[in-house]
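**Q** Turn this into a model:
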Amino acid sequence: MTQFITFKDNQQGEVHLQTSLSALAQYLRNHARWIPAGFKPLSVQPVSGVYRLQLPEIKAMSFAVSPRLGLRQVEESERAYRLVSTPLPDDPRDYQVNFASLLRLVPDGEAVRIFWEANFAIDLELSGFLQMLPQTMLQAAGQAAVQTMTAPISRNLVHNLCQDYQVCANPSG
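**A** As a prediction, this is how the structure comes out:
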């Protein structure tokens, strides 16, 4: 019988950009630019209308996995943009990564406040020796590994997005 274990993490925050809502919304509609820029230094490749994101290797208890996932953007309105995971044709069967993020834009005078949230869930198949270990020990080790990976990805995503937007908004420097 196949057993799975799930590790989850949620990151959220807020940033403030001196820009107009319409200019930032226009930038976010160009996901071919901001998704690869936002996830630097990770590898992002366009694949059939979605993006393949290669996450850093996760190691815990002499076990390692290099997860990847498909991402697509969903524009809910000029003020709300989501990234959601989507299946890829060559998805592995021993794990699944679910990702959902939200960028909510709120005008604030001549600026925009960006409220962001990123939710990760990794379902990992427990194979062989992993099934023999205590679930609480596996959960603690895996959860710590996932949080160590996801926190910097989330912070970098928002930081890189803001930096890239500034470059686009002010190309002369």
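**Q** so where's the chain shaky on pLDDT?
**A** 1, 60-62, 92, 129, 171-173 (pLDDT under 70).
**Q** if you go through it in chain order, where are the strands?
**A** For the chain, the strands defined by DSSP state E cover 3-17, 43-47, 50-54, 58-60, 63-65, 68-77, 80-86, 95-108, 111-126.
**Q** who touches the fifth one?
**A** Outside strand 63-65, the residues that touch it by Cβ atoms under 8 Å, 6 or more residues apart in numbering are 57, 58, 94, 95, 124, 130. (Each C-beta comes from the backbone N, C-alpha and C, glycine too.)
**Q** Okay, and the beta partners of the fifth one?
**A** So that's residue 124. Beta-bridge pairing for residue 124 (DSSP bridges): residue 5, residue 95.
**Q** so where's the longest helix in this structure?
**A** helix 135-169 (DSSP state H).
**Q** What residues of that helix count as buried?
**A** The neighbour-count check on helix 135-169 (16 or more other Cβ atoms under 10 Å) flags 138, 141-143, 145-146, 149-150, 153-154, 156-158, 160-162, 164-165 as buried.
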